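In: sequence plus the predicted model coming up.
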Amino acid sequence: MTDVVDRESSTRQATAGNPATGVEAGPAVDVAALGEQLLGTWAGVRRQARELAGRPEVQKIEGLTHTDHRHRVFEQLKYLVDNNAVHRAFPVRLGGSDDHGGNIAGFEELVTADPSLQIKAGVQWGLFGSAVMHLGTEEHHDKWLPGIMSLDTPGCFAMTETGHGSDVASIATTATYDAASQEFVINTPFRAAWKDYIGNAANDGLAAVVFAQLVTRNVNHGVHAFYVELRDPDTKEFLPGIGGEDDGIKGGLNGIDNGRLHFTNVRVPRTNLLNRYGDVAVDGTYSSTIESPGRRFFTMLGTLVQGRVSLDGAAVAASKVALKAAIHYAAERRQFNASSPTDEEVLLDYQRHQRRLFTRLATTYAASFAHEQLLTKFDDVFSGAHDTDADRQDLETLAAALKPLSTWHALDTLQECREACGGAGFLIENRFASLRADLDVYVTFEGDNTVLLQLVAKRLLADYAKEFRSADFGVLARYVVDQAADVAFHRTGLRQVAQFVADSGSVQKAALALRDEAGQRTLLTDRVQSMVAEIGAALKGANKLPQHQAAALFNQHQHELIEAAQAHAELLQWEAFTEALESVSDAGTKQVLTWLRDLFGLSLIEKHLSWYLMNGRLSMQRGRTVGTYINRLLVKIRPHALDLVDAFSYGPEHLRASVATGAEATRQDEARTYFRHQRASGSAPADEKSLLALKAGRQQ
C-alpha cells in the first residue's frame, strides 16, 4: 500500500540531502524507533490487537442494514472471546490476567476494525463486566463473571435515563428494600426515569447492572448498582415487570442494539446489590466504609473511569488512521501547474494543505503522548500500585480533561481529512464519512465533553482555593506562573504552582522567544493560571451565599470555567509531548518531533491569540510573528510528513481506504507519461493561449 508511493517525486525531493550535489543532509526520522515509542508501554498488546483488527472477520462491512450489522457485531463478540482478546482486565483465577492498562490498550485498537464492535465490546466487558468486578465482591465475581466473560450472559450497563444523562446523582429509578422478603423492589416511576440509550438493551441483553437510588428504612442512600436479570435465556422475552423499546437507527454505531428499559415492581434478592462500597443487612440496616454520601458516589463512579480512558485512546487511533490516509493521498494527488508549465503541483506542497493537515498531525501526536500518560496513570490506580484517594482523583481529572479534547479533535480531523481528499474523501470506501458518523457520539457518551470540562474546572478551582486560602486580593492580583517543569508534567491540578512577579519577572519578557520551549510553556501555563485566578477572584465567597445566589454567580462564569479547563487540558497535551521528546535518542527524529511540538504549541497560541493580546502577554508586533513562525515550521516538516504518519504503524488492513493504496500515484504517473510522450513526439496539439502570446509578441 503506502510503500508504492513515489517518495522521490512527492516527498524526498524536498529534503536537503544529496551527497553527490554537496548539499548537506537534513534530519531524518527513524520511523521504526518512533513507531515503537508511539506504541508505548503495552506495545506487545497493541500489536496483537492490531493484528486481530486487521482480520476481515472483525471488520465493518459498509452498507449493511442496521439489523444485519447488529447480528454481525454480536457474532464478532464471540470471535473476540474465541481469540482471547477481551479478558485481560479480569482476575487471573477466572481466566484473566489482571492487566488493566493492557486491556484498554488492546480494546481501543478495535476502533480501526469497526467502532460498533469496539463499543459493543466495551458495553459487555468494559461496562457491564467491569461494574460487576469493581462494584461487586468476590461472591459476585464467582457467580456472574464467568458467564459475562464467555458471552453466555450478554449484558447491559443501565445507568443513563431519558430524563438524566450526565446528572447521574439525580436519576429517578428506585430500588427499595423489603425486609420481609429480603428483596429490593426496582421501579422506574415515570417515563423520564426509563433507562435509555442502553447498549444491548434492544435485543441481546440477558441481564443488566441497573443503577438506582437505594432506599431502605425510608432513607435514600443515593445511587447504587444492582444485578438484574432481564430476559428469559431461552425465549429472549422480557421477564415479568420488565419492558423496553428499540432506539432504532442512529447517526452512527448502528451495529449496537441501543434500547430503553423500564421496571415495574421488579424484585431482586438482597445479595444482588453490588455492595463493595455500600451494603444492606437482612434487617434493612445500611452500612458503608465511606461515610460521606458524596464521596461514596464519586468513588463508585470513579471505578468506571476506564470508559473515558478508552474513548480517549480510540479517538486518537481514529485520528491517526485518517491522517495517514489523507497525507499519503496529498503526497500523490496533483492539482494546478503553478510552478511548472508542464507538471501539476502535489497537494502536500501547498501551504494551505500543509496547514490543514500538519497542525492536526501535531495535535494527534500530542494527544497520543498524553493518552499514554493517562493509560499509565489508569494502570497504576487499577493495579493497586498507586491507589490512594488522591491518585483516583487525579486519574478522574486527567481523564475528564483529555477525553473531550481527543474526541472533538477526532471529529475535526476526520472532517478536515475528508475535505482535503476532495470528492474522493466523501466516498464511503475511504471511510472518512463512516468513521466520523460512528465517532460522533463519542463526544457525548461516557460523559458529555462540556460537562466533563466543568468537572475539571471545579477541580482547578478547588486546588486554587487550597493554595491561596490565606491570601488577600492583592497577592492574587500579582500572581503568575511557576516555571518548574515537574509541576506541569506530574500534576493534574494547580497545587504548588504560584510564583509572584517579584520572583519570576514579567511573563511578557520571558515569552519573547515564541519558538523556545520555555517561552511556549510560560505562555500556555500562564493562560491557565490567569484564567483560574480571575474566576477564583470572581467566585470568592460564593460558598457563603444562599444556594440560588451562588448558583447564579457560578452560572455567570460557566463559560470562562470551561475555557480554563480546556486550556488546562491543552497544556497537559503540550507537556506530554515535551516530556516524550526527552526519551528520543535519535538526533534527526528528535529535531523533527521538536518542530512538530513547536507547531502544536504555536498553533495553540495562535488559536488563543486574542486572549494573549487583550491580556498583555504578547505585543501586537510579537503576535503578528506567530503565523510566520508556523509557516516556517510547515516547510521544515513537509519532507518528513510521510515518515511521521508511517510511524503510526497502521497498515492497509487498518486504513482500508483506496486513496491510501498508491492508486492515485499510479494514475498521476500514467497521465504525466502520456503528456510527456505527446510533447516529445510533437503530436501534442498547439495551446491556444501560447499561440496568442506568440502572435502578440510578433506584433510588438
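Out: Looks like it arrived, so ask away.
In: would you map the helices across the stretch 251-400 of the chain?
Out: Using DSSP state H, counting those that start in this stretch, the helices found in the stretch 251-400 of the chain span residues 293-302, 306-330, 351-383, 389-420.
In: of those, which stretch is the most buried?
Out: helix 306-330 (a mean of 28; mean count of other C-beta atoms under 10 Å). (Glycine included, C-beta is placed from N, CA and C.)
In: avg pLDDT for that helix?
Out: Mean pLDDT, helix 306-330: 96.
In: now do the residue most central in space within the chain against residue 137, distance only.
Out: By C-alpha atoms, centre = their mean, the chain has its centre lying nearest to residue 312, at 2.5 Å. Separation of residue 312 from residue 137 (C-beta to C-beta, to the nearest Å) stands at 30 Å.
In: same check, this time on residue 267
Out: Distance from residue 267 to residue 137, by C-beta to C-beta: 21 Å.
In: before we move on, what about residue 573?
Out: For residue 573, the distance to residue 137 (C-beta to C-beta) stands at 38 Å.
In: more crowded one of the two?
Out: residue 573 (27 against 14; other C-beta atoms under 10 Å).
In: show me the shaky parts of the protein.
Out: Applying pLDDT under 70 to the chain flags the ranges 1-25, 467-513, 700.
In: rerun that using 50 as the cut-off
Out: For the chain, applying pLDDT under 50 flags the ranges 1-23, 470-512.
In: looking at this, residue 423 is in a strand?
Out: No: secondary structure of residue 423 (DSSP: H, G, I helix; E, B strand; the rest coil): helix, not part of a strand.
In: adjust the sequence numbering to begin at 739 for everything that follows.
Out: Shifting the count to begin at 739 puts that one at residue 1161.
In: quick one on the thing from earlier: tabulate the helices of the stretch 989-1138 of the chain in JSON lines, adding columns for distance to residue 922.
Out: Formatted as JSON lines, these follow (distance: least, C-beta to C-beta, whole Å):
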{"stretch": "helix 1031-1040", "distance to residue 922": "16"}
{"stretch": "helix 1044-1068", "distance to residue 922": "25"}
{"stretch": "helix 1089-1121", "distance to residue 922": "28"}
{"stretch": "helix 1127-1158", "distance to residue 922": "28"}
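In: among the ones you listed, which is nearest residue 1391?
Out: Taking C-beta to C-beta, helix 1044-1068 is the member of the helices of the stretch 989-1138 of the chain nearest to residue 1391, at 11.2 Å.
In: count of residues packed around residue 1024?
Out: Neighbour count of residue 1024, defined by other C-beta under 10 Å: 16.
In: kindly state the beta-bridge partners for it.
Out: Taking DSSP bridges as the rule, residue 1024 bridges to residue 1018.
In: hang on, the earlier thing: which one of the helices of the stretch 989-1138 of the chain lies closest to residue 1432?
Out: Closest to residue 1432 of the helices of the stretch 989-1138 of the chain is helix 1089-1121 (C-beta to C-beta; 33.2 Å).
In: quick one: that closest one to helix 1031-1040, angle?
Out: 110 degrees (axes from the mean of the first three to the mean of the last three C-alpha atoms, to 10 degrees).
In: now do helix 1089-1121 and helix 1127-1158, the angle between them.
Out: Using the same axes, to 10 degrees: helix 1089-1121 against helix 1127-1158 is 150 degrees.
In: closest one to residue 1359 among the helices of the stretch 989-1138 of the chain?
Out: For residue 1359, the closest of these is helix 1089-1121, at 22.4 Å, according to C-beta to C-beta.
In: helices or strands next to that closest one in the packing?
Out: Applying 3 or more C-beta pairs under 8 Å, 6 or more residues apart in numbering; DSSP states H and E, we find helix 1089-1121 packed against helix 838-846, helix 1044-1068, helix 1127-1158, helix 1296-1319, helix 1325-1345, helix 1358-1375, helix 1379-1384.
In: do that again at 6 Å, thanks
Out: Helix 1089-1121 sits against helix 838-846, helix 1044-1068, helix 1127-1158, helix 1296-1319, helix 1325-1345, helix 1358-1375, with contacts defined as 3 or more C-beta pairs under 6 Å, 6 or more residues apart in numbering; DSSP states H and E.
In: out of the helices of the stretch 989-1138 of the chain, which gets nearest to residue 1287?
Out: helix 1031-1040 (21.5 Å).
In: can I get the closest one in PDB? Just the C-alpha atoms.
Out: Coordinates of each C-alpha in helix 1031-1040 appear next as PDB, following Å, rounded to 0.1, in the frame of the first residue of the first chain:
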ATOM      1  CA  PRO A1031     -22.500  10.100  50.600                       C
ATOM      2  CA  GLY A1032     -20.900  12.400  48.100                       C
ATOM      3  CA  ARG A1033     -17.500  10.800  48.300                       C
ATOM      4  CA  ARG A1034     -19.100   7.300  48.100                       C
ATOM      5  CA  PHE A1035     -21.000   8.300  45.000                       C
ATOM      6  CA  PHE A1036     -17.900   9.600  43.200                       C
ATOM      7  CA  THR A1037     -15.800   6.600  44.400                       C
ATOM      8  CA  MET A1038     -18.400   4.200  42.800                       C
ATOM      9  CA  LEU A1039     -18.500   6.100  39.600                       C
ATOM     10  CA  GLY A1040     -14.700   6.500  39.600                       C
END
